[in-house]
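[1] let's see this in three dimensions:
(one chain, ligands or ions: 1)
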Amino acid sequence: MSYTKRDDGRKFDELRKIKAKVGVVKRADGSAMFQMGDTIAIASVYGPRELHPRFLQNPERGVLRCNYDMASFSVTERKKPGPSRRSTEISLVTEKALASVIDLDLFPNTVIDVFIEIIQANAGTRCAGISAAAMALAHAGIPMRDMVAAVSVGKVGDKIVLDLDKEEEDFEEGATDIPVAMTARKREITLLQLDGEVTKDELMEAIKMARKGCEEIYKIQVKTLKEIYKNG
Ligand code: CDP
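    Modelled structure (predicted):
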């Protein structure tokens, strides 16, 4: 099935409009809002703080704990509140996408809690959540080896496209969705999931496109983080 034009007029390799802000949750040690199109994620970081119950503590290194949640009002059809198989999976892959850039050896016996709340969902929520969480960790002053940015890429009809919206995800019998997270300097892939079918060449093209998208996101993350120092 041929896909000739995106509904919102974007080029196939164009991101949705991005808005980012840090310090949105005052009580948290670090926080950030990251919006791509109509998808809005808010991440707040608490810690490092002593991990309870104590038997979960690791005397060698700290624990990164991510909790992804989609608010019941974030989607058109009310989502049942509370954890689900989907949110458990996303929390786990988010943890893995972020853990490698944090120097957890510096924080034995502690936990760094990252809460990601999706307040509006229009596809790509796990990616927006990861981009927000990486900013919130930096805002909390957690030493990081690198920044992490994430974006979804995929195949809609016969085209490889960047940053799918919900309409594109649901195109015909469903598009192929490939969420990707990448470290900024080392360009290491820390998340790669694939829901659907693509050829090897298409996957390579998609990853290349995701890399370009992540580079753009990274620039916005850094610019936003720097602004807080400029504004005091
Ligand atoms: O959000 P993401 O693309 O990371 O994950 P997904 O599981 O592929 O979900 C795609 C989209 O489906 C979400 O972004 C929401 O817009 C929508 N969704 C929904 O409407 N109701 C749910 N219970 C779960 C997802």
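[2] close to the ligand: what parts of this protein are there?
    75, 79, 86, 121-126, 152, 166, 169, 177, 179 (C-beta under 6 Å from any ligand atom). Placement of C-beta: from N, CA and C, glycine included.
[3] including pLDDT, neighbour count and secondary structure, could these go into a markdown table?
    Putting these into a markdown table (pLDDT from 0 to 100; neighbours: other C-beta atoms under 10 Å; DSSP: H, G, I helix; E, B strand; the rest coil) gives the following:
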| residue | pLDDT | neighbour count | secondary structure |
| --- | --- | --- | --- |
| 75 | 96 | 15 | coil |
| 79 | 94 | 18 | coil |
| 86 | 98 | 12 | helix |
| 121 | 98 | 20 | coil |
| 122 | 98 | 21 | coil |
| 123 | 98 | 25 | coil |
| 124 | 98 | 28 | coil |
| 125 | 98 | 24 | helix |
| 126 | 98 | 28 | helix |
| 152 | 98 | 29 | strand |
| 166 | 96 | 17 | helix |
| 169 | 95 | 19 | helix |
| 177 | 97 | 19 | strand |
| 179 | 98 | 25 | strand |
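[4] in PDB, list the C-alpha atoms belonging to the one helix or strand residue 136 maps to.
    For residue 136, the element it lies in under DSSP states H and E is helix 125-139. Taking C-alpha atoms only, helix 125-139 is exported to PDB below (Å, rounded to 0.1, in the frame of the first residue of the first chain):
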ATOM      1  CA  THR A 125       5.000   7.800  24.500                       C
ATOM      2  CA  ARG A 126       7.800   5.500  25.600                       C
ATOM      3  CA  CYS A 127      10.300   7.600  23.500                       C
ATOM      4  CA  ALA A 128       9.000  11.000  24.800                       C
ATOM      5  CA  GLY A 129       9.200   9.500  28.300                       C
ATOM      6  CA  ILE A 130      12.900   8.500  27.900                       C
ATOM      7  CA  SER A 131      13.800  11.900  26.400                       C
ATOM      8  CA  ALA A 132      12.000  13.600  29.400                       C
ATOM      9  CA  ALA A 133      13.600  11.200  31.900                       C
ATOM     10  CA  ALA A 134      17.200  11.800  30.600                       C
ATOM     11  CA  MET A 135      16.600  15.600  31.000                       C
ATOM     12  CA  ALA A 136      15.200  15.200  34.500                       C
ATOM     13  CA  LEU A 137      18.200  13.100  35.600                       C
ATOM     14  CA  ALA A 138      20.500  15.800  34.300                       C
ATOM     15  CA  HIS A 139      18.400  18.500  36.000                       C
END
